[in-house]
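requesting a structural model of the entry that follows:
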Amino acid sequence: MKKILTTLVAITFCLYAHAQKCKFDYEETDPFTGKYKAGISSVISKSWKIGFNRENDAYSIGLVINFPGSKKDIIEINDTLLIAIDKNEPLVFKALNRALPTSNVVGQGAYAQIQTFYQVFYQATPEQIELLSKFNPIATRVYFGHTFYSVEINNKNSQKISRAAECIIQ
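Numbering: from 1, shown residues only. Here you go, the predicted model:
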């Protein structure tokens, strides 16, 4: 009896944890067009963030990347984002916009430093988002023309990214 009760409690807890409400960054339906729009973001690493966007049945992925120092690289339209996922082939996305570097001075006095930011959006299919929701992403690689930068994703952030993908696909 004790084993059955423990099993039921464990199943209930797992279902509750899996069914938690998604916290979108934005979620709205346009009152004039009826278009549904939603977005949810997650952290890839300390200075990289990923966002999943949906407008009706169209999906995109947004990246905000922060580099120390001044960068002059440009992400061009159709440059590639690769996301390696656990036990599967890497997913390939193409940039929808040209992303120019934006450099700012952060901090004050002796602690001031230059940071360069990029914001870029990539076309995504429902199938790609579905794969991200089922298999944990383990690394990302962003191409700036012929140059690329890669970041590995720790297990905690990987699970959060998969959960965000699951939320946007629902």
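
when you work out contacts or count neighbours from here on, use the C-alpha atoms and nothing else.
OK.

the most centrally placed residue in the chain: which element?
Centroid check for the chain by Cα atoms, centre = their mean gives residue 50 as the closest residue, at 2.7 Å. Assigned by DSSP states H and E, residue 50 falls within strand 48-55.

strand partners (parallel or antiparallel) of that strand?
strand 36-45 (antiparallel), strand 58-68 (antiparallel) (DSSP bridges).

quick revisit: tell me what the residue nearest to the centre of the chain is bridged to.
Assigned bridge partners for residue 50, using DSSP bridges, are residue 42, residue 63.

ok, it touching residue 66?
No: using Cα atoms under 8 Å, residue 50 is not in contact with residue 66, being 11.9 Å away.

need the residues touching each of these two.
Counting by Cα atoms under 8 Å, 6 or more residues apart in numbering, residue 50 and residue 66 have no contacts in common.

can you pull out the helices in the chain?
When assigned using DSSP state H, the helices of the chain occupy the ranges 2-18, 126-134, 155-169.

next one: the second one to chain centre, how far?
In this case it means helix 126-134. 12 Å (Cα atoms, centre = their mean, to the nearest Å).

elements contacting that helix?
Packed against helix 126-134 by the contact rule (3 or more Cα pairs under 8 Å, 6 or more residues apart in numbering; DSSP states H and E) you find helix 155-169.
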